[in-house]
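Colleague: build me a structure from this.
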Amino acid sequence: MTMERILRAMGEVMAERGTEKAGINAVADRAGVNKVLIYRYFGGWNGLLEAYVHRGFFLSMFNEKFLDSVPDNVPPEARSKAWSEYTIQFMREFRTRKSSQELIRWEMSNGETELARRLADFRDQSYKNMVAKLAPYSDFDPLAITSLMVAAVTNIVLTSTQRDHIGDIDLTSDSGWERLETAIRRIYSSLNIALEREQAKTK
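Modeller: Next up, the predicted model:
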């Protein structure tokens, strides 16, 4: 399908050049289409960026697929495990998507624009959907916790493209990333214990 080919070309161009240096001409060349088609389908560069995010070429589709894999009415202790596994799989997915990394960098530099706000709002809604289904205890502000964890993962992944280490963690090795995954599991496990204790005090 031509539209999907254009969106995939968009991701490839952003991954190679960065979002700031990507453009409709480059995307059209990569997709093997006339740039008039891009304007017809998407209305221009902003429409193309929005379509890229909304159609799951960023991380929104990953979030939806993960949510679909988790059954409804999961008990709190199981939701806590799913919460940590989501964060780990999000980190793995984000590491493999250079185009998504470039798009986040672009948003950080252009956060004042209406387009950047719309893209961020769309992504934030997918996180809210995750929290609504997975968070163990809604009284303890799980959206704030998720926001902190996602922000930390995002920063570490972006940092890994410019530095080899954080502290003594080797960001170029599988063992370094395994240490981070273990840390994420420990954080959520400890958090679950703390939340259970706090909840018990209120009963």
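
Colleague: please count neighbours and contacts with C-alpha atoms only from this point.
Modeller: Will do.

Colleague: now do the helix ranked longest in the chain, average pLDDT.
Modeller: For the chain, the longest helix by residue count, based on DSSP state H, is helix 174-201. Averaged across helix 174-201, the pLDDT comes to 86.

Colleague: can I see the domain layout of the chain?
Modeller: Following automatic domain parsing, one gets these domains for the chain: 2-54, 60-201.

Colleague: which of the ones you listed sits most buried?
Modeller: Neighbour counts (mean count of other Cα atoms under 10 Å) averaged over each of the domains of the chain peak at domain 2-54, with a mean of 17.

Colleague: on that earlier part again, how far does the longest helix of the chain sit from the chain's center?
Modeller: Relative to its chain's centre, helix 174-201 lies at 20 Å (Cα atoms, centre = their mean, to the nearest Å).

Colleague: residue 95: what's it in contact with?
Modeller: Applying Cα atoms under 8 Å, 6 or more residues apart in numbering, we find residue 95 in contact with 101, 157.

Colleague: that one: which element?
Modeller: According to DSSP states H and E, residue 95 maps onto helix 76-96.

Colleague: give me the distance from that helix to the chain's centre.
Modeller: For helix 76-96 - counting by Cα atoms, centre = their mean - the centre lies 11 Å from the chain centre.

Colleague: for that helix, the averaged confidence score.
Modeller: With pLDDT averaged residue by residue, helix 76-96 scores 85.

Colleague: ok, stretch 106-118 next?
Modeller: Mean pLDDT, computed over stretch 106-118, is 81.

Colleague: same check on stretch 151-163?
Modeller: In this model, stretch 151-163 has a mean pLDDT of 93.

Colleague: mind checking how far it is from the chain centre?
Modeller: Mean C-alpha position of stretch 151-163 versus that of the full chain (Cα atoms, centre = their mean) differs by 12 Å.

Colleague: residue ranges of the strands in the protein, please?
Modeller: With DSSP state E as the criterion, the chain has strands at 165-166, 169-170.

Colleague: for residue 178, which of these is the nearest?
Modeller: When these are compared by Cα to Cα, strand 169-170 sits nearest residue 178, at 9.8 Å.

Colleague: roughly how far is the closest one from the heart of the chain?
Modeller: Put simply, strand 169-170 sits 22 Å off its chain's centre (Cα atoms, centre = their mean).

Colleague: picking that back up, and the helix holding residue 95 with helix 174-201, angle?
Modeller: In terms of direction (axes from the mean of the first three to the mean of the last three Cα atoms, to 10 degrees), helix 76-96 departs from helix 174-201 by 150 degrees.
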